[in-house]
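Asks: Next comes the sequence, and after it the predicted model I'd like to discuss.
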Amino acid sequence: MNLKELQEKNPQYKIKDVHDSSFLTYGRIVNENIEEAISYVSAHFHPPKNGNNYLPSVKSLEDMSSIQTLSKKVYGYLDVMAGVVAGNNHVLNGIEYHQGSETIVAVTDFIYVVGHIWDMKGKTYHSSLCKYFYVPQGTIIESYSTTLHYTPICVDESGFVTICLLLKGTGDTIERCGILKKKNKWFIAHESNIEKVESGDYPGLDGELIEICL
C-alpha cells in the first residue's frame, strides 16, 4: 500500500514521508549504495505469518563490504552488529530507546512510529505524542539515540523486512534494572501487551493502542 492510501485509511495518524523535514529531529537519511545487502536479505529472509523475528547479528551481512562501509560512515569505527528484523506487525504496543544510533535499512516499505525521549515523564510516555513516517524500500535511516521507537509496522499483508545496525552487545541479557531490560535496551510496554507486562516489562506506554489499518 502506498503512502496516499495509508493516509486515507489512517487519517488520525497524519502519516508523512520520512523525507519530510519534520523527521529531522528523529533521524537522518543516509546516502550509501547497499543494493548488494538488500538483494541478499530479500532472497534469504522473509516475514513470518504471525509475529516478528529479530536476528541481531548476521555474519554474512556483517562481512559485506557495503555494510562495513555504512557502519564506518555512521559509527566511526565503533564495534557494530548488523541483523535482520522481519515481521507482520500492525501495532505499536511498546516503545524503546538505546544509547547510540540505530541504523535501519528498508528492505521493504514500512511505517516508522517515533517519539522524543525528552517527552517521557519518568518511566511513562503517552502514545498521542507519537509521529508516523512512511519509509520507502531502499531508504537508509540513522535513528538518533534520543528517538523512541519500536518494531516497524508493515504497509500491507505481506509484512516487512529491515536490516538493523546497532552497537555490538545491544540486547544481550543482563539483570533487569527498572525499564532497562537488556543491555542498552530501555523498554516500556502498552498495557494491552499482556505477554510483555506479565514477563516483567513496565506498562508505561500510556494512551490508546496505535494500530494501522490496511
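Replies: In hand now; what should we look at?
Asks: ok, T108 touching V161?
Replies: Yes - using Cβ atoms under 8 Å, T108 is in contact with V161, at 5.0 Å. Every C-beta, even on glycine, is put in place using the N, C-alpha and C of the backbone.
Asks: Just the CA atoms from the strand or helix carrying Y132 would do, formatted as CSV, please.
Replies: Assigned by DSSP states H and E, Y132 falls within strand 131-135. Provided in CSV are the C-alpha atoms of strand 131-135 (Å, rounded to 0.1, in the frame of the first residue of the first chain):
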residue,chain,number,x,y,z
LYS,A,131,4.7,10.7,14.9
TYR,A,132,4.4,8.5,11.9
PHE,A,133,6.6,8.2,8.8
TYR,A,134,6.4,6.1,5.7
VAL,A,135,9.8,4.7,4.8
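Asks: Contacts for that strand, please.
Replies: Residues from elsewhere that reach strand 131-135, judged by Cβ atoms under 8 Å, 6 or more residues apart in numbering: 3, 6, 10, 13-18, 20, 22-23, 26, 104, 106, 109-115, 141, 152, 155.
Asks: Pairing partners for it, with directions?
Replies: strand 16-17 (parallel), strand 110-116 (antiparallel) (DSSP bridges).
Asks: how about CSV for the ones you listed, with mean neighbour count and mean pLDDT added?
Replies: What follows is these, written out as CSV (neighbours: other Cβ atoms under 10 Å; pLDDT from 0 to 100):
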stretch, mean neighbour count, mean pLDDT
strand 16-17, 15, 98
strand 110-116, 23, 98
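Asks: would you turn those into CSV with distance to S145?
Replies: What follows is the strands paired with strand 131-135, written out as CSV (distance: least, Cβ to Cβ, whole Å):
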stretch, distance to S145
strand 16-17, 22
strand 110-116, 11
